[in-house]
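In: Show me the folded form of this:
(one chain, ligands or ions: 1)
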Amino acid sequence: MVQAKKTEKAERSDGRKLNEMRKMEAKVGIIKRADGSAMFKIGTTVALAAVYGPRELFPGFMQNPEKGILRCNYDMLSFSVTERKRPGPSRRSVEISLVTKNALGSAINLDQFPNTVVDVFIMIVQADAGTRCAGITAASMALADAGIPMRDLVSAVSVGRINGKIVIDLDKEEEDYDGTTDIPCAFMSRNNEITLLQLDGDISAEELKQAVELGKEGCKQISEIQKKALKERYKEIKNE
Ligand code: UDP
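Out: Numbers count the residues shown, from 1 in each chain. Alright, predicted model coming up:
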């Protein structure tokens, strides 16, 4: 009798290696009327970003005479998730808009644009976890496309711990496992500066270090994809 093969449960929900990200795609210049725009896809999570500005900020009392200000707005389409999301802002979207602004703000320099605002709109059109990171990654390319002076691109990915293992780029199924720790992080890859680090769950100091290292490596790969998409956009503009 042939003995049945033991089917070992894959460590990751979709059989990926612990340090393997989902398939990624990036495109810059997707929205004609925006000053800068981009799309970033990781697995089935898709983020679109549009940048408008720098333009004069109204009402005037909100202006900063020393430099421009950055505003970020993150949202999800109602049917981007399996269970319809109520349209409009929520506590979650306000929090993500704020951390996105902080993650991007340290990379850009608006000193040359006093009294202005740069608006960044991020829309998640399809969500399978990691949306704040996909949004930051898309927005960073959109800011570069808009010609905003930047110290570096910002790249973001979620790392974490599932079943006691440190992994990169958790999908929704993995995020929903019991005891999962989710750590969205963002880096400027040139000098490995962290611009976002959030933690949802429990983790030891040693594991956190490992997770951040994994995130750093992942963000390097994302940064290459972002640069490639920007170069493709420059080629297109040259040929237009
Ligand atoms: N999600 C959902 N409905 C919501 C908000 C989130 O189904 O109203 C899902 C979506 O797939 C999202 C995931 O939950 O990507 C994880 O959300 P989280 O708040 O952890 O942020 P994210 O990982 O997307 O940055």
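In: ok, E236 to S223 distance?
Out: Using C-beta to C-beta, to the nearest Å, E236 is found at 21 Å from S223. Placement of C-beta: from N, CA and C, glycine included.
In: Apologies, that question was intended for P149.
Out: P149 is 18 Å from S223, by C-beta to C-beta.
In: Give me the more crowded residue out of those two.
Out: S223 (20 against 13; other C-beta atoms under 10 Å).
In: Mind checking what secondary structure that one has?
Out: helix (DSSP: H, G, I helix; E, B strand; the rest coil).
In: close enough to count as contact, it and A144?
Out: No. Using C-beta atoms under 8 Å, S223 is not in contact with A144; the gap is 11.5 Å.
In: which residues are in contact with both of those two?
Out: By the contact definition C-beta atoms under 8 Å, 6 or more residues apart in numbering, S223 and A144 are jointly contacted by L153.
In: Model confidence score at the most centrally placed residue in the chain, please.
Out: Ranked by distance to the mean C-alpha position of the chain (C-alpha atoms, centre = their mean), the top residue is C133 at 2.4 Å. Per-residue confidence (pLDDT) for C133: 98.
In: Helix or strand for it, just tell me which one.
Out: Assigned by DSSP states H and E, C133 falls within helix 131-145.
In: Restrict that helix to CA atoms and write it as PDB.
Out: What follows is helix 131-145, C-alpha atoms only, in PDB (Å, rounded to 0.1, in the frame of the first residue of the first chain):
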ATOM      1  CA  THR A 131      -2.700  49.300   2.200                       C
ATOM      2  CA  ARG A 132      -1.100  52.100   4.200                       C
ATOM      3  CA  CYS A 133       2.300  50.900   3.000                       C
ATOM      4  CA  ALA A 134       1.200  50.600  -0.600                       C
ATOM      5  CA  GLY A 135      -0.300  54.100  -0.300                       C
ATOM      6  CA  ILE A 136       2.900  55.600   1.000                       C
ATOM      7  CA  THR A 137       4.900  53.800  -1.800                       C
ATOM      8  CA  ALA A 138       2.500  55.100  -4.500                       C
ATOM      9  CA  ALA A 139       2.400  58.600  -3.000                       C
ATOM     10  CA  SER A 140       6.200  58.900  -2.900                       C
ATOM     11  CA  MET A 141       6.400  58.200  -6.600                       C
ATOM     12  CA  ALA A 142       3.600  60.700  -7.200                       C
ATOM     13  CA  LEU A 143       5.500  63.400  -5.300                       C
ATOM     14  CA  ALA A 144       8.600  62.700  -7.400                       C
ATOM     15  CA  ASP A 145       6.400  62.800 -10.500                       C
END
